[in-house]
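Asks: Can you look at this prediction? I've put the sequence above it.
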Amino acid sequence: MTDPISNPASQTQISPVVRKFLDKGGKAEAAPSSPPSETEIASRRAAAAAHDAPSVGFAEVQKRLKEEPDFDRAKVDAIKNAIQNGQYPLNPRRIAESFVALEQLISD
């Protein structure tokens, strides 16, 4: 099983967005001096429509979120049973290394 917490190699990877931010000295880009004009907004909407971007309303997004379970019950039960049966693989060294990496991220 590989995930960001138990895979120490992935902890050293930095996303391109964070890398760009750090390369600029940690300074955020300046906000535009003025809001977009009505024609600019209309052209953006037309471009999105031209690309067949689906138009999803807020109510539909809320409905979809409510239909989705908060977590995968089967996966949780499988992990719970494995822990109770002593079959869940735990590597104390990897756990410790993960904590060290997290502490380094926090202290930097």
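Replies: Here it is on my side, so go on. Numbering: from 1, shown residues only.
Asks: ok, residue 45 - contacts?
Replies: For residue 45, no contacting residues are found, by Cβ atoms under 8 Å, 6 or more residues apart in numbering. Glycine gets a C-beta too; all of them are placed from N, C-alpha and C.
Asks: ok, which stretches of the protein are helices?
Replies: 8-11, 16-23, 38-50, 58-67, 73-84, 92-107 (DSSP state H).
Asks: show me where pLDDT drops low in this structure?
Replies: 1-33, 49-56 (pLDDT under 70).
Asks: swap the cut-off to 90 and go again
Replies: 1-73, 89-90, 107-108 (pLDDT under 90).
Asks: Next one: residue 47 from residue 41, what distance?
Replies: Distance check for residue 47 against residue 41: by Cβ to Cβ, to the nearest Å, it reads 11 Å.
Asks: And for residue 82?
Replies: Following Cβ to Cβ, the distance that separates residue 82 from residue 41 is 53 Å.
Asks: now swap in residue 105 and tell me
Replies: 39 Å.
Asks: Likewise for residue 76?
Replies: 44 Å.
Asks: Equivalent analysis for residue 67, please.
Replies: Residue 67 is 32 Å from residue 41, by Cβ to Cβ.
Asks: between the two, who's got more neighbours?
Replies: Each of residue 67 and residue 41 has its neighbours counted (other Cβ atoms under 10 Å); residue 41 has more, 11 against 7.
Asks: Let me see the contact set for that one.
Replies: With Cβ under 8 Å, 6+ apart, residue 41 has no contacts at all.
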